[in-house]
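>>> need a 3D model of the sequence below.
(2 chains)
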There are 2 protein chains.
Amino acid sequence: MFYPEPIERLIENLTRLPGIGRKTATRLAFFLLNTKDSYITELSRSLTDVKEKIRLCSVCFNITDSDPCAICRDERRDKSVVCVVEESSHMMVIESSNPGHLRYHVLHGVINPLEGIGPDEIRIKELQDRIVREGIREVIVATNPNIEGNTTAHYIGEILKHLDVTITRIASGIPVGGDIVYIDPLTIKSSMDNRKNL
Amino acid sequence: MFYPEPIERLIENLTRLPGIGRKTATRLAFFLLNTKDSYITELSRSLTDVKEKIRLCSVCFNITDSDPCAICRDERRDKSVVCVVEESSHMMVIESSNPGHLRYHVLHGVINPLEGIGPDEIRIKELQDRIVREGIREVIVATNPNIEGNTTAHYIGEILKHLDVTITRIASGIPVGGDIVYIDPLTIKSSMDNRKNL
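Reported below is the predicted structural model:
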């Protein structure tokens, strides 16, 4: 192709983003070329800011620009319940459902032997320490209901067994508003196995 | 939501890009958060570089980082034929079809009275000057085959009529490999009207 070098380089850098192919990257590059200078400066600054200002909360390992994070500093939250999630983004999704005054613990991964990720690679040790230190009474394990997430949940259940703490697992079943026709057999089975009295 | 301010700001800036909604922007922001510092620096630099280094070629008004642009400097190209396009990106598309040693003229728009864009808002005057100055013998009008593109082509034809130059228009019809079943009636009509002897 015949794009000038700075455009080619921008396109190439944009294609490294997930879900952005060469065509989309080219469209974005031309949009950026024709956009206001102030937006470019602002976008550029927010990119570097994210890297410079964001770190992990020393309590729950959530991403934050202040330590402890806003959630850990929130005095209205129940100090006795902690919800364990795989990633910060999962925490945000749970928060958006307004689950009440929960606190969180971010594992930053799940146990996945095939990829060489064992319990020591994720923040399980820190969870254990927190339970003892903060006197937590319930741990809600909200890892994804897939093989890795279930393995991790099972492992957490095992290592916390000797502590005086209730361990619960989020329910798996047919999504609210979902149609049975389109649900996979494993979900149907889980939803049947976990049926409740009406 | 509960994202820290620098992440929120990055997400907001990313949603201003065309075709990027809040969900995609969030995914991109988290990807960027977990990516290498060097990539962020590089992306950031290429963003500002595009703005700083890219300008318009003084001959053909193509976007370029050197003036005249690489195409105008290319001595192997036929100096007597100029292909008129709406935007630089259209030129790149035509180049990618290997049309031979063409030169170009980028209008940077089309005549669109509804949006207040008249012939003086696009680079038609500059085209006229070029034809006289460079002794161009053929002008291929490659604007899109829609109302605005056709109007612009017609206008160019009119104002160049008194000059000693052949004016041609790119063909409109069924795309190569296309299926008649899926082609709109206007394209079918154009393709019938412009039929050629076998």
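>>> next, the buried residues of the longest helix seen in chain A.
Assignment by DSSP state H gives helix A:37-53 as the longest helix of chain A. Buried residues in helix A:37-53, counted by 16 or more other Cβ atoms under 10 Å in any protein chain shown: A:39-40, A:42-44, A:46-51. Glycine gets a C-beta too; all of them are placed from N, C-alpha and C.
>>> centre of the chain to stretch A:180-192, how far?
Counting by Cα atoms, centre = their mean, to the nearest Å, stretch A:180-192 is centred 25 Å from the centre of its parent chain.
>>> for stretch A:37-48, that is, sorry about that
What separates the centre of stretch A:37-48 from the centre of its chain is 26 Å, taken as Cα atoms, centre = their mean.
>>> what distance do you get for the most centrally placed residue in chain A to B:Arg22?
In chain A, the residue lying closest to the centroid (Cα atoms, centre = their mean) is A:Glu87, at 2.4 Å. To B:Arg22, A:Glu87 is 18 Å away according to Cβ to Cβ, to the nearest Å.
>>> and what of A:Gly173?
According to Cβ to Cβ, A:Gly173 stands 27 Å off from B:Arg22.
>>> between the two, which is the more surrounded one?
Neighbour tally, A:Gly173 and B:Arg22, criterion other Cβ atoms under 10 Å in any protein chain shown: the higher count belongs to A:Gly173, 18 against 12.
>>> what pLDDT does that one get?
For A:Gly173, the model assigns a pLDDT of 89.
>>> quick one: what helix or strand has it in it?
Under the criterion of DSSP states H and E, A:Gly173 resides outside all helices and strands.
>>> wait, it touches A:Asp193, no?
No. At 9.2 Å, A:Gly173 does not count as touching A:Asp193 under the criterion of Cβ atoms under 8 Å.
>>> which residues of chain A fall in strands?
Using DSSP state E, the strands assigned to chain A run over residues A:55-56, A:63-64, A:81-85, A:103-106, A:138-141, A:166-169.
>>> and chain A, split by domain according to the record?
Following automatic domain parsing, one finds the domains of chain A at A:5-53, A:76-179+A:186-191.
>>> next one: the longest one to chain centre, how far?
Taking the mean C-alpha point of domain A:76-179+A:186-191 and that of its whole chain, the gap between them comes to 11 Å (Cα atoms, centre = their mean).
>>> the first one now?
Domain A:5-53 has its C-alpha centroid displaced from the chain centroid by 25 Å (Cα atoms, centre = their mean).
>>> so does that domain get close to chain B?
Yes. Contact between domain A:5-53 and chain B, assessed by Cβ under 8 Å from any Cβ of the partner chain, occurs at A:5-7, A:9-10, A:13-14, A:16-19, A:24, A:26-33, A:37, A:39-44, A:46-51, A:53.
>>> number of residues surrounding the residue nearest to A:Phe61 when sequence neighbours are not counted?
Using Cβ to Cβ, 6 or more residues apart in numbering or on different chains and skipping the chain neighbours, the partner closest in space to A:Phe61 is A:Val106 (4.3 Å). By other Cβ under 10 Å, 25 other residues sit near A:Val106.
>>> quick one, what contacts A:Val106?
A:56, A:60-63, A:85-88, A:91, A:123 (Cβ atoms under 8 Å, 6 or more residues apart in numbering or on different chains).
>>> again, 7 Å this time
A:Val106 sits next to A:60-62, A:85, A:87-88, A:91, A:123 when contact means Cβ atoms under 7 Å, 6 or more residues apart in numbering or on different chains.
>>> could you do A:Lys51 as well?
Applying Cβ under 7 Å, 6+ apart to A:Lys51 gives the contacts B:37, B:40.
>>> re the thing from before, bridging residues for the residue nearest to A:Phe61?
Beta-bridge pairing of A:Val106 under DSSP bridges involves A:Val85.
>>> beta partners of A:Ile167?
Per DSSP bridges, the residues bridged to A:Ile167 are A:Val139.
>>> can you list the weak-confidence ranges in chain A?
A:1-2 (pLDDT under 70).
>>> helices of that one, start to end?
Secondary structure of chain A by DSSP H: the helices cover A:5-15, A:22-34, A:37-53, A:70-73, A:88-96, A:124-134, A:147-160, A:185-193.
>>> and the first one, which residues are buried?
Read that as helix A:5-15. By neighbour count with 16+ other Cβ under 10 Å, helix A:5-15 contains the buried residues A:6-11, A:13-15.
>>> could you identify the most distant pair in those?
Largest separation among the buried residues of helix A:5-15 by Cβ to Cβ: A:Pro6 and A:Thr15, giving 15.2 Å.
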